[in-house]
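**Student:** Sharing a model prediction with you, sequence too.
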Amino acid sequence: MKVIKNINNNVSLCLDSNNNEVVAFGKGIGFTKPPYEVDLDKIQRTYYGIDPTYINMINDIPEDILDISDKIINYARMKLENPVSSNIVITLADHINFAIQRYKENMNIKLPIVHDIEYLFDTEMEIGEYALTLIRKTLKVFLPKEEAAYIALHIINAESMNKNKKRDKLDEEMIDDICEIIEKDFQIKIDKTGFNYSRFVSHMHYLLKRGKKNEMVKSENQKLYESLVNAYPKTYECTQHVREYLKDQLNWDLSDEECIYLMLHMNRLCAREDCYQ
């Protein structure tokens, strides 16, 4: 296998014998300057079809969480009839990493549609519950039941994305417009090659998909919402501009719950510029 780009010390972008791009994991495979041939016995696992926008996210995710995500998706593939996109290994790991950070900060975001997911997507919910058990046994982190539902939603989205890999051009244009709103409000230039941007784009795709299906999340997280508004007034102001944009473009009125997640992801997007206060 030929290494063509190193992502970090243990992850590289490679070409297989048929010249297909593959993301390869293996201890120390990223130490040597590419291009070079790496022995297959040094490769621990590989992923085909990873969207380039997600690759840089790997650098921000602990290896043990990537391992957990890999095990969850392997379990999901045994349980599901529909195939899931390979991208979910990375996006799910990023979600789990973020969920653990929220857990350590005692930030529990309620999801009012947990019972709906249990009823409508029982297999995906069972995968989410398996994930919580695995996280608890491996990391000694006791995530709330809502996180099983969030993980189930990631699985459901991955099934859907695999059926239609071509992204809606309108979605891409709207995400570009939203990034321009953020750049204008914060007076920054977003690094579109970084993992923070990839993560934000992933969140926006999920948000737009929920909006199209009229599945905007609503709940009773008013205290958390007010706390974030007070802590990050600049982010709140920008969120309202995005809210107005979506209302104008799609006639959607984002719930406070959706705004909580939008504010959190916006903060992460702007974190390196230290401008989100």
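**Tutor:** All right, it came through fine.
**Student:** can you give me the strands for this protein?
**Tutor:** Shown for the chain, the strands assigned by DSSP state E span residues 2-8, 11-15, 21-25, 36-37, 45-48.
**Student:** contact partners of the shortest one?
**Tutor:** Counting by C-beta atoms under 8 Å, 6 or more residues apart in numbering, strand 36-37 makes contact with Met1, Lys2, Val3, all of which sit outside it. Every residue, glycine included, has its C-beta placed from N, CA and C.
**Student:** So what are the sheet partners of it and their directions?
**Tutor:** Strands that pair with strand 36-37, judged by DSSP bridges, come out as strand 2-8 (antiparallel).
**Student:** buried residues in the partner strand?
**Tutor:** Val3, Asn6, Ile7 (16 or more other C-beta atoms under 10 Å).
**Student:** Next, the angle from it to strand 11-15.
**Tutor:** Put simply, strand 2-8 runs at 160 degrees to strand 11-15, going by axes from the mean of the first three to the mean of the last three C-alpha atoms, to 10 degrees.
**Student:** In CSV, list the contacts of strand 36-37 along with distance to Glu146 and pLDDT.
**Tutor:** As requested, these are exported to CSV (distance: C-beta to C-beta, whole Å; pLDDT from 0 to 100):
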residue, distance to Glu146, pLDDT
Met1, 40, 89
Lys2, 44, 93
Val3, 40, 93
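**Student:** Out of the helices and strands in this protein, which is least certain?
**Tutor:** Confidence across the helices and strands of the chain bottoms out at helix 114-120, with a mean of 72, counting by mean pLDDT, DSSP states H and E.
**Student:** just checking, what packs against it?
**Tutor:** Taking 3 or more C-beta pairs under 8 Å, 6 or more residues apart in numbering; DSSP states H and E as the contact definition, the neighbouring helices and strands of helix 114-120 are helix 122-139, helix 145-163.
**Student:** Which residues does the longest one contact?
**Tutor:** Read that as helix 145-163. Residues outside helix 145-163 that contact it (C-beta under 8 Å, 6+ apart): 72, 76, 80, 82-85, 87-88, 91-92, 95-96, 99, 108-111, 113-114, 117-118, 121, 124-125, 127-129, 131-132, 206, 209.
**Student:** tell me the mean pLDDT over that helix?
**Tutor:** Per-residue pLDDT over helix 145-163 has a mean of 79.
**Student:** again, but for stretch 171-184
**Tutor:** Mean per-residue pLDDT for stretch 171-184: 92.
**Student:** Then stretch 208-227?
**Tutor:** Average pLDDT, stretch 208-227: 73.
**Student:** Can I get that stretch in CSV, CA atoms only?
**Tutor:** Output in CSV follows, covering the C-alpha atoms of stretch 208-227 (Å, rounded to 0.1, in the frame of the first residue of the first chain):
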residue,chain,number,x,y,z
LEU,A,208,-30.8,21.2,7.0
LYS,A,209,-31.9,17.5,6.6
ARG,A,210,-34.0,17.7,9.8
GLY,A,211,-35.6,21.0,8.6
LYS,A,212,-36.6,19.4,5.2
LYS,A,213,-38.3,16.6,7.1
ASN,A,214,-39.9,19.1,9.5
GLU,A,215,-38.1,17.3,12.4
MET,A,216,-36.7,20.4,14.1
VAL,A,217,-35.8,19.4,17.7
LYS,A,218,-37.8,21.1,20.5
SER,A,219,-37.4,20.5,24.2
GLU,A,220,-37.3,22.1,27.7
ASN,A,221,-33.7,23.3,27.8
GLN,A,222,-34.6,26.9,28.5
LYS,A,223,-32.1,27.3,31.4
LEU,A,224,-29.2,26.0,29.3
TYR,A,225,-30.3,28.3,26.4
GLU,A,226,-30.4,31.3,28.6
SER,A,227,-27.0,30.4,30.2
